[in-house]
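Asker: When you get a sec, could you give me coordinates for this:
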Amino acid sequence: MNFHTRKWVKPEDLNPNGTLFGGSLLKWIDEEAAIYAIIQLGSQRVVTKLISEINFVSSARQSDIIELGITATEFGRTSLTMRAEVRNKITRKSILTIDKMVFVNVDIEGNPAPHGKTEITYIRDQFKEEGGSA
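Answerer: Residues are numbered from 1 along each chain as shown. All right, here's what the predicted structure looks like:
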């Protein structure tokens, strides 16, 4: 799993217990997963269909740097299934795991639409295709 996005836990991200508010973390994950789906499917019209059980493994506190990892696990005809992990950047301790997130490619009317993708696309490969060589 690749961890590309990092977040710095700030006071406004905390719950009354002084740890990272789960809602803030879930917002970040949903946004990261949507960006990942957009890049993988080559379409900006993607919607969150399903997020499976969310397992909060440990807490993050103010000033922690966390990193979000997303990876594709399955390409459907109109969907992309991913898994996610959030961990502490310094200690590598897992904070949260989600085994299954499903995003669906939709048309202009919001109906599921085939995307034609079958495997993970890497940015470095996209540049090779567009420019000839990297």
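Asker: What does the pLDDT read for residue 123?
Answerer: For residue 123, the pLDDT comes out at 63.
Asker: need the contact list for the most centrally placed residue in the chain.
Answerer: The residue lying closest to the centre of the chain (CA atoms, centre = their mean) is residue 33, at 2.6 Å. When contacts are counted by CB atoms under 8 Å, 6 or more residues apart in numbering, residue 33 touches 48, 70, 82, 84, 101, 103. Using the backbone N, CA and C atoms, a C-beta is placed for each residue, glycine as well.
Asker: if we go to 6 Å?
Answerer: By CB atoms under 6 Å, 6 or more residues apart in numbering, the residues touching residue 33 are 70, 82, 101.
Asker: in the biggest helix by length in the chain, what's buried?
Answerer: Counting by DSSP state H, the longest helix found in the chain is helix 22-41. Buried residues in helix 22-41, counted by 16 or more other CB atoms under 10 Å: 24-25, 28-29, 32-34, 36-38, 40-41.
Asker: could I get the residues you listed as a markdown table with distance to residue 120 and pLDDT?
Answerer: Shown next, in a markdown table, are these (distance: CB to CB, whole Å; pLDDT from 0 to 100):
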| residue | distance to residue 120 | pLDDT |
| --- | --- | --- |
| 24 | 28 | 96 |
| 25 | 24 | 97 |
| 28 | 22 | 97 |
| 29 | 19 | 97 |
| 32 | 16 | 96 |
| 33 | 14 | 97 |
| 34 | 16 | 97 |
| 36 | 10 | 95 |
| 37 | 12 | 96 |
| 38 | 14 | 96 |
| 40 | 7 | 93 |
| 41 | 11 | 95 |
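Asker: In JSON lines, list these along with distance to residue 16.
Answerer: Compiled in JSON lines, the buried residues of helix 22-41 are given as follows (distance: CB to CB, whole Å):
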{"residue": "24", "distance to residue 16": "13"}
{"residue": "25", "distance to residue 16": "16"}
{"residue": "28", "distance to residue 16": "20"}
{"residue": "29", "distance to residue 16": "22"}
{"residue": "32", "distance to residue 16": "26"}
{"residue": "33", "distance to residue 16": "27"}
{"residue": "34", "distance to residue 16": "29"}
{"residue": "36", "distance to residue 16": "32"}
{"residue": "37", "distance to residue 16": "33"}
{"residue": "38", "distance to residue 16": "35"}
{"residue": "40", "distance to residue 16": "37"}
{"residue": "41", "distance to residue 16": "39"}
